[in-house]
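Colleague: return a 3D structure for these sequence lines:
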Amino acid sequence: MTYVIVDDVALLDILILSNLRAGPVHGYELKQRVQRPTMTKLSNNSLYPILRRFEEGGAVTSIREAQEGRPARTVYAITEQGRALLTELISTLPAGLAANEEEFLARVNFFAEIEPAARRGIIEARNLALYARIEQVRTLLAETANSPAAAWRALAMTHLATTLEAERRWVTSLDTSIESGTPPTDSEGPDDSR
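Modeller: Below you'll find the predicted structure:
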């Protein structure tokens, strides 16, 4: 299946396919599974078109399941093609998505399932996106340096630059963990100022 990213976001596709790996499920339960741990809002207007697209592409199958005294419901299941698609999605981070923190963290969540080379590619894409954002913030900060009227803006930009630099250190620590073959520890989070 050739995969095309829709609306520059693969996050929902990853979340839906990964939740379908746990077993067949009807749409409402799938929606709950996606929303519960991620706090990602998922409307029916997003969920069902994605499921339909997956079904048309062979990544998902559906069957109508009868319920006593209630309307039949549709139960969805992932296929081998869907599993392969999920592996493809979690193994890459396109440049257009690398600046999106949720897209990056969704892939980090699955690092144990992908090859070290794929992990490094994802980390490199995120590092490049962070570098570009840091440079953009520094440019804005330089523009406000001598303007008393922009003191609050400078304060916000300084905070943003500090936050981005901390994340960049954390992302670099992930790469170091991959190279050493040692899993990162809980203390190696974005707020770690090593």
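
Colleague: lowest-confidence helix or strand of this protein?
Modeller: Least confident helix or strand, the chain: helix 27-38 with a mean of 86, by mean pLDDT, DSSP states H and E.

Colleague: which residues does whichever helix or strand comes after that helix contact?
Modeller: Of the helices and strands lying after helix 27-38 in sequence (DSSP states H and E), the nearest is helix 44-57. Helix 44-57 is contacted by residues 1, 6, 12-13, 16-17, 27, 30-31, 34, 60-62, 76, 81-82, 85 when judged by C-beta atoms under 8 Å, 6 or more residues apart in numbering. C-beta: built from backbone N, CA, C; applies to glycine.

Colleague: nearest residue to the residue nearest in space to the middle of the chain other than its sequence neighbours?
Modeller: The geometric centre of the chain, computed from its C-alpha atoms, lies nearest to Glu103 (C-alpha atoms, centre = their mean), at 2.4 Å. With sequence-adjacent residues excluded and distances taken as C-beta to C-beta, 6 or more residues apart in numbering, Glu103 is closest to Leu97, at 4.3 Å.

Colleague: now do Pro183
Modeller: For Pro183, ignoring the flanking residues on the chain, the nearest one in space by C-beta to C-beta, 6+ apart is Ser177 at 6.2 Å.

Colleague: render the CA-only coordinates of stretch 12-27 in PDB, please.
Modeller: The C-alpha trace of stretch 12-27 is given here as PDB (Å, rounded to 0.1, in the frame of the first residue of the first chain):
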ATOM      1  CA  LEU A  12      -4.200   9.900  14.100                       C
ATOM      2  CA  ASP A  13      -3.300   7.200  11.600                       C
ATOM      3  CA  ILE A  14      -0.600   5.900  14.000                       C
ATOM      4  CA  LEU A  15      -2.900   6.000  17.000                       C
ATOM      5  CA  ILE A  16      -5.700   4.300  15.200                       C
ATOM      6  CA  LEU A  17      -3.600   1.500  13.700                       C
ATOM      7  CA  SER A  18      -1.700   0.900  16.900                       C
ATOM      8  CA  ASN A  19      -4.900   0.600  18.900                       C
ATOM      9  CA  LEU A  20      -6.400  -1.800  16.400                       C
ATOM     10  CA  ARG A  21      -3.400  -4.100  17.000                       C
ATOM     11  CA  ALA A  22      -4.900  -4.900  20.400                       C
ATOM     12  CA  GLY A  23      -7.700  -6.700  18.600                       C
ATOM     13  CA  PRO A  24     -11.000  -6.000  16.700                       C
ATOM     14  CA  VAL A  25     -13.000  -3.100  18.100                       C
ATOM     15  CA  HIS A  26     -16.000  -1.100  17.200                       C
ATOM     16  CA  GLY A  27     -15.700   2.600  16.400                       C
END
